[in-house]
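Asks: Quick one: sequence plus predicted model below, questions after.
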Amino acid sequence: MSWIREGELNLIERISANILKAGPMPKHVAFIMDGNRRFARKKQMERQEGHMQGFNKLAETLRWCKNLNIQEVTVYAFSIENFKRSQNEVDELMVLAKQKFEKLLEERENLEKHGVCIRVLGDLNMLPLDLQQLIAKAVVSTKTHNKCFLNVCFAYTSRYEITNAVREMAWGVEQGQIKASDVSEALLSECLYSNNSPNPDLLIRTSGVRLSDFLLWQTSHSSVFQSVLWQEYSFWNLCEAILQYQLNHTSIQKARDLHREHQAFVQLEADRACVAEHLQHHGNGKPADARRRQEALQHYTTCREERIHDFLEALQNRRDSYYNDLLSDAVVA
């Protein structure tokens, strides 16, 4: 089954979509696709078939999102917690993932036609080497596409992602690229796996009321829980979730604006404290006047931003090297 399905909405769906698009639309939607095993039991089918049906529903959902002008989709494909399942089921899921990424690579022309960029978020070192290499090919071959984005969270939990971001900042401090005083909420956000994406406008969880350790940092303002199993998810379920987003849009935007303002205030106060400490140590005991304090603050802020820019560039180069090394090893093999 293709990752990218062609085809327009039917007449009733198009009319409904146009009505929705008259209001504020989410540009980035995240999905917790829950219910695969329960669906299999309900339909008395093999567990693997339930997972296969789940992938087919993803392809269908991506088509709906494309027709609704939703430019970015993030899906929870495989949690680190899933490694605790039986070895047989884990092996089945790894085989299915390998098949689907092989299929994706066969569709590169179609992905290029639609401008689809594939990103995989998680600790790929936990995966079999052949699957890592397939993922690397998919990511590298589509990284220049910029019309729409599909982020697949694989070997992922949010707590692990946040912990890894802290490790990345610690690495930057150890390397002398940034100072301990540069560490902030904003910098941590830039060190997450999802740093190249805006935070989701809407998080949809099917068949449950838990976030399951998914995008906890990024989705604090907009979540919708729907009782339907993922395989039974419909265009109308998606419309319902978008409508809920629209009804709460004003309060969501207000909360986000307040958070951004608070972040800016905290950063400014931190910069002022660093500058005040510096002036105290280098001012020969004389208090600095307002002009000198302002000039010192501007200089400090500029230097901090340059350090952070260079650090994030080095971090991105390190991540790119991981994929390139995987591809080189695949060629040698």
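Replies: Thanks, I have it. Residues are numbered from 1 along each chain as shown.

Asks: quick one: residue 165 is in a helix?
Replies: Yes: Residue 165 sits within a helix when classified using DSSP: H, G, I helix; E, B strand; the rest coil.

Asks: OK, contacts around it?
Replies: When contacts are counted by Cβ atoms under 8 Å, 6 or more residues apart in numbering, residue 165 touches 188, 191, 192. Using the backbone N, CA and C atoms, a C-beta is placed for each residue, glycine as well.

Asks: Can you convert these into TSV and add a column each for distance to residue 316 and secondary structure?
Replies: Putting those into TSV (distance: Cβ to Cβ, whole Å; DSSP: H, G, I helix; E, B strand; the rest coil) gives the following:
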residue	distance to residue 316	secondary structure
188	16	helix
191	10	helix
192	13	coil
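
Asks: wait, which of the residues you listed is closest to residue 153?
Replies: Closest approach to residue 153 among the contacts of residue 165 (Cβ to Cβ): residue 192, at 11.5 Å.

Asks: Distance-wise, check the closest one relative to residue 160.
Replies: Per Cβ to Cβ, to the nearest Å, residue 192 is found 11 Å from residue 160.

Asks: residues in contact with stretch 113-132?
Replies: By Cβ under 8 Å, 6+ apart, stretch 113-132 touches 4, 66, 74, 78, 80, 83, 94, 97-98, 101, 104, 111, 135, 138-139, 142-156, 160-161, 164, 193-194, 196-197, 322, 326, 329.

Asks: Type out the PyMOL command that picks the buried ones from those residues.
Replies: If you want just the buried ones from the contacts of stretch 113-132 in PyMOL, going by 16 or more other Cβ atoms under 10 Å, the selection is:
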select buried, resi 4+66+74+78+80+97+98+101+104+111+135+138+139+142+145+148+149+150+151+152+153+154+155+156+160+161+193+194+197+326
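
Asks: out of the contacts of stretch 113-132, which are inside helices?
Replies: 66, 94, 97-98, 101, 104, 111, 135, 138-139, 142, 160-161, 164, 322, 326, 329 (DSSP state H).

Asks: The spatially closest residue to residue 101 that is not a sequence neighbour and residue 142, how far apart?
Replies: Nearest residue to residue 101, sequence neighbours excluded (Cβ to Cβ, 6 or more residues apart in numbering): residue 134, at 4.1 Å. Per Cβ to Cβ, residue 134 is found 13 Å from residue 142.

Asks: Hmm, residue 186 is touching residue 263, no?
Replies: Yes: here residue 186 reaches residue 263: they are 5.9 Å apart, a contact under Cβ atoms under 8 Å.

Asks: confidence score at residue 221?
Replies: Note on residue 221: pLDDT of 77.
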